[in-house]
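Undergrad: Here is my input, please return the structure:
(chains A, B and C)
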Amino acid sequence: MTANAELARAIDAMPLIDHHAHSLLRPPLAERDLLDALTQAEHATDHAAIFDSQLGFALRRFCAPALGLPPFADAAEYLAARERLGFDEATRRLLGASGIRTYLIDDGHAPDRLLSDAQLAELASEGAGADGDRAGAAGDVRVHRIVRLERLAESVMSDAASGADFVDRLPVALEAAAASAVGFKTVAAYRGGLALDPAKPSPAELAEAAEAWHAASRRGGAASVRLVDPVIIRHLAWWALERGDAGGPGVLQVHVGFGDPDLRLDRADPFLLQPFIAATQATGGRIALLHCHPYLREASMLAHLFPHVFLDAGLAVAHVGANADTLVRESLDLAPFSKVLFSTDAWGVPERVLLGAAVWRDATTRVLGSYVAEHGWPVDEAIRVAELIAWRNADALYGRSFLEG
Amino acid sequence: MTANAELARAIDAMPLIDHHAHSLLRPPLAERDLLDALTQAEHATDHAAIFDSQLGFALRRFCAPALGLPPFADAAEYLAARERLGFDEATRRLLGASGIRTYLIDDGHAPDRLLSDAQLAELASEGAGADGDRAGAAGDVRVHRIVRLERLAESVMSDAASGADFVDRLPVALEAAAASAVGFKTVAAYRGGLALDPAKPSPAELAEAAEAWHAASRRGGAASVRLVDPVIIRHLAWWALERGDAGGPGVLQVHVGFGDPDLRLDRADPFLLQPFIAATQATGGRIALLHCHPYLREASMLAHLFPHVFLDAGLAVAHVGANADTLVRESLDLAPFSKVLFSTDAWGVPERVLLGAAVWRDATTRVLGSYVAEHGWPVDEAIRVAELIAWRNADALYGRSFLEG
Amino acid sequence: MTANAELARAIDAMPLIDHHAHSLLRPPLAERDLLDALTQAEHATDHAAIFDSQLGFALRRFCAPALGLPPFADAAEYLAARERLGFDEATRRLLGASGIRTYLIDDGHAPDRLLSDAQLAELASEGAGADGDRAGAAGDVRVHRIVRLERLAESVMSDAASGADFVDRLPVALEAAAASAVGFKTVAAYRGGLALDPAKPSPAELAEAAEAWHAASRRGGAASVRLVDPVIIRHLAWWALERGDAGGPGVLQVHVGFGDPDLRLDRADPFLLQPFIAATQATGGRIALLHCHPYLREASMLAHLFPHVFLDAGLAVAHVGANADTLVRESLDLAPFSKVLFSTDAWGVPERVLLGAAVWRDATTRVLGSYVAEHGWPVDEAIRVAELIAWRNADALYGRSFLEG
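TA: Numbering: from 1, shown residues only, chains lettered A, B, ... in the order given. Sure, this is the predicted structure:
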């Protein structure tokens, strides 16, 4: 077996820890909802825009065979096969083919439309059991929780009688959520951007901000409970970083770069977060920059410069399909290899889970393969680096042994 | 024939619609003017800076053979051959070898030094007729007009007796120009940058801005008629997007990224345009982000997120020569394939036309070829995607059948 | 010999001028100091973060053989071999293997911990003499001086009795330093960022700024002598650009992009420098944008647009190792080939010197090799372009014949 065939086989067989994903839409899954979940645009305005894209071609390459079709079966054939297999079987097959053994699930986006963690774990485990081709892939798939801080704070505010009441209730709610979670997440990028004031808010600042938010939320109806106050967002981020637990350090996931249309992309540049990163070095907490495209080189640079910064190249990898080599390469730019994680950021449909995994495996095989073929890397070292990203770094970052349950 | 040879042959034979270019300098063409037109720098200070560059090497590779020289003939040989052939024949050959069948011409930059549309169409048609090697390239080449909004507004202001008079005359002038045009263009990037306030100006705001501009223009002499007022620029952009016509939607071309030295490059980032893009989604108009280097991934991301956004990778493709694969690849990143267009942004000399086309064909062949060879794309699908970019998407965007005349 | 083998051999044999580097830490070199010098992070918190990185793998590939080990010897073997050889011999071998014949040394960072220029030149010359494999590499290695403007101004301020006294002493000190130097450097990127007001400060503005700085420096103890005043920084930059000398034009090196953690990366974008660049076109001075990652395409664009702008891809090339092709390619994007320079930005340890050179040679061979293989470049032209970057452009920029002594 050639070095690169050996590398390809090893990466194909590797179990994955998806350190940031979302659950799947509940059945029945309408075709419109499937298509909507395959784009970050607000609405899948036409099929062509979904299927005539890098994601569409990657879907035809990787998902069609999981449903028993030849690679590059067309859109109509694909949708028909999905319909024929039914929700459960299609889901099992697509999740099973991903080789993901552990999901860290952020339930912050439309959770009432999604499967429960137990339902997701069951379908994923059944799929893994049926995926006989992948050595070591059999057995239980586990689901852990990531707490989205803004959502939690909003739910506390909904029930709070005043700003002071919010401030009283918040730590209790955070601790309660943390008890069954492995980390936290902030969507500050969506709520004013990453140029956070680095200073930790004082109790007085927090109290004032809470009062103002409470007053505004009571004026404006339900929608205005949406948290955009920068003081409260910073307070939550500091809280997460300063909180260690039995399993390990406090991990704060931070959305960076590409996302939904309501994200201001120029404010989602991780370089804007540098003052906050510098200020939180001594907290003992760790920051995981999520996804990051088109700012992966910037994120990788920050992971080089600051010991508590990590990154992944999720979300966009599935969307850019045959261009994903560049993203995988950029994530391995300046960051120490111990700082790079795997995620899918899948939401809603199992296609995005499989694509996140399959495109990452494919691109990583090619990128590390070029390091072997053109830069003399020993193949066992390339396999070791792939394994760091696939699951070992996630264990180390979160202080767990996820694959052991 | 191998898959990639088939792809190369198909892309080489494809007719092109150049959806954004300028006309050519009138004869006689001084060597100094030729060199100046081959760089975006203010003046071609020395030959080495022109020929010892990616564009210079691409010119020797692609343009020398069109003039009957071997590839990589040197600069002196090239200039001598051009002199020997004369203006008309050199122009015919270079335009003919491009395979461009339709030009959408922006006459906003120094039009009095340039050939008329009829003259350009005649030379291009003669060249196409003589280019026997390219299947289907024979026949008439057509020229359509893109109206540069700032230039039109400036000419209206030159004649206006007052701000109010400008406001009265403007819609008449816009409609008159639009009657013989297929789209509009804004150089907002050169006139304060792309961070446009998203709000549509009210009539009162427009009146006030027009009055202030009129007063300033009457104080300062001819040069001060230059439009930099952001309210008027936004008004023009909204007008173009809201105006549909028989042929299709209102198309607004927006210069993005690399250009001339007087463009502030940090203000030409398309992410800055996001609020304006979000605000204009419901107009029915469409936005074409022009050229975009080094912001192609950003532009491609916006084309993913917003249904009315399109992009091209013109201008820089010719200038970066052997690096153009990256630009072509980036334009095919997140954007649906139906959103990517071809342009040269050529100005002044036919070398830039041929380079825009030849480098794009060469890079596209290699990029799509890698999708076939390494990502399993069926070759006929790769050819179909190339054809979308070469001409089909332009037809769809502008609501025309350009190649049929 | 194939074209690419010929290219590889030529690039391997080329002498290099390192137009921006620092000296080496004095012996004895503690392992902790070695590791600290191999990362831009504040402290090498663990070995894994150093060796499990692109730089670590490149070190094992290129530096291990220079110490007599097989490629990819592991970290423990490497450190043991270094210990066994001793400081002088390890340094000689690593410097010798780099093929660098001239260093332009910036002594602005911790110079009292570093070898003198004479000591560095002696070890480098001994190393070059022993490097029998590289044709033409034998003979003296020379060291020239780059004056770091902020450091010089700080030392003048330390001795100044008043702001006015500083203004009096400054030109004398600048001229004295310039007499033994070949160029100047500003770290404006670290001292407020590159968004410099383009206007040249008036004498009155300078006097006022000097007075304010003097007063602040006397209030705050030694650390507060640190120059961050934008008026004085701009004055220094203008002075350097306006000063020509017998050897050639005034050259101002400007740090851009990646650096130490105290650099605000979002303020180190060269596009922010555009107004200053535009304003200084007529000074006769030249600007060399240093290193530039992740802003190399931006820097290359500025070098295209402005005749007095040059760039290099130093520092990050060694750190990104097997990803360096992208950086080399980006430096050859829009910039005329006469504008691109070689540097290592090595500091403290000879590994960074060798890596800067070896990774650059390796990546340049592959990038130019692809231009030959895929874009038809004549191999002798590719070799000529490599030579421009390796040393000819440095001679031209600084107006010297460095390799002749």
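
Undergrad: average pLDDT for stretch A:147-162?
TA: Averaged over stretch A:147-162, pLDDT sits at 96.

Undergrad: Flag every buried residue along that stretch.
TA: For stretch A:147-162, the neighbour count (16 or more other C-beta atoms under 10 Å in any protein chain shown) marks A:V147, A:R148, A:L149, A:E150, A:R151, A:L152, A:A153, A:E154, A:V156, A:M157, A:A160 as buried. For the C-beta atoms, the positions are set from N, CA and C on the backbone; glycine is no exception.

Undergrad: hang on, the first one in a strand?
TA: Yes: according to DSSP: H, G, I helix; E, B strand; the rest coil, the state of A:V147 is that of a strand.

Undergrad: mind listing which of the buried residues of stretch A:147-162 are in strands?
TA: A:V147, A:R148 (DSSP state E).

Undergrad: how far out from the middle of the chain is the worst-scoring helix or strand of chain A on mean pLDDT?
TA: Least confident helix or strand of chain A, by mean pLDDT, DSSP states H and E, is helix A:47-51 with a mean of 79. Centre-to-centre, helix A:47-51 and its host chain are 24 Å apart (C-alpha atoms, centre = their mean, to the nearest Å).

Undergrad: so does it get close to chain B?
TA: Yes: remark: helix A:47-51 sits within contact range of chain B at A:A48, A:A49, A:I50, by C-beta under 8 Å from any C-beta of the partner chain.

Undergrad: List the contacts of the first one.
TA: So that's A:A48. B:P336, B:S338 (C-beta atoms under 8 Å, 6 or more residues apart in numbering or on different chains).

Undergrad: Going by distance to chain C, which of the residues of helix A:47-51 next to chain B wins?
TA: Set against chain C, the nearest of the residues of helix A:47-51 next to chain B by C-beta to the nearest C-beta is A:A49 (28.6 Å).

Undergrad: returning to what we had before: list, out of the buried residues of stretch A:147-162, those positioned next to chain B.
TA: Applying C-beta under 8 Å from any C-beta to the buried residues of stretch A:147-162, none is adjacent to chain B.

Undergrad: where does the stretch 251-400 of chain A have low pLDDT?
TA: For the stretch 251-400 of chain A, no stretch has pLDDT under 70.

Undergrad: which residues of it fall in strands?
TA: A:251-256, A:286-291, A:309-312, A:340-341 (DSSP state E, counting those that start in this stretch).

Undergrad: cool, and the stretch 101-250 of chain A?
TA: A:142-148, A:183-186.

Undergrad: Out of those, which is the most enclosed?
TA: Stretch with highest mean neighbour count among those: strand A:183-186 (a mean of 26; mean count of other C-beta atoms under 10 Å in any protein chain shown).

Undergrad: which helices and strands does that strand pack with?
TA: Contacts defined by 3 or more C-beta pairs under 8 Å, 6 or more residues apart in numbering or on different chains; DSSP states H and E place strand A:183-186 against strand A:142-148, helix A:149-159, helix A:230-242, strand A:251-256.

Undergrad: Which residues outside the last one are in contact with it?
TA: This points to strand A:251-256. With C-beta under 8 Å, 6+ apart as the test, strand A:251-256 has contacts from A:19-20, A:106, A:146, A:182-190, A:194, A:237, A:240-241, A:263, A:268-270, A:273, A:285-292, A:295, A:299, A:311, A:397-398.

Undergrad: Please check those residues and keep the buried ones.
TA: Buried by 16+ other C-beta under 10 Å: A:19-20, A:106, A:146, A:182-190, A:194, A:237, A:240-241, A:263, A:268-270, A:273, A:285-292, A:295, A:299, A:311, A:397-398, out of the contacts of strand A:251-256.

Undergrad: Alongside chain C, which residues does chain A contribute?
TA: Taking C-beta under 8 Å from any C-beta as the contact definition, chain A meets chain C at A:269, A:271-272, A:274-275, A:278, A:297-298, A:301-302, A:304-307, A:329-330, A:332-339, A:370-371, A:374-378, A:381, A:385, A:388.

Undergrad: a markdown table for the strands of the stretch 101-250 of chain A, including distance to C:L69?
TA: Formatted as a markdown table, these follow (distance: least, C-beta to C-beta, whole Å):
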| stretch | distance to C:L69 |
| --- | --- |
| strand A:142-148 | 43 |
| strand A:183-186 | 41 |
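
Undergrad: Let me know which of those is the nearest to A:A177.
TA: Nearest of the strands of the stretch 101-250 of chain A to A:A177, taken as C-beta to C-beta: strand A:142-148 at 4.5 Å.

Undergrad: quick one: strands adjacent to that closest one?
TA: When pairing is defined by DSSP bridges, strand A:142-148 lines up against strand A:100-106 (parallel), strand A:183-186 (parallel).

Undergrad: Mind putting those strands into a markdown table with mean pLDDT?
TA: A markdown table is the format used below for those (pLDDT from 0 to 100):
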| stretch | mean pLDDT |
| --- | --- |
| strand A:100-106 | 97 |
| strand A:183-186 | 97 |
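
Undergrad: Mind checking those strands for the one nearest to C:P27?
TA: The nearest among the strands paired with strand A:142-148, by C-beta to C-beta, is strand A:183-186 at 45.5 Å.
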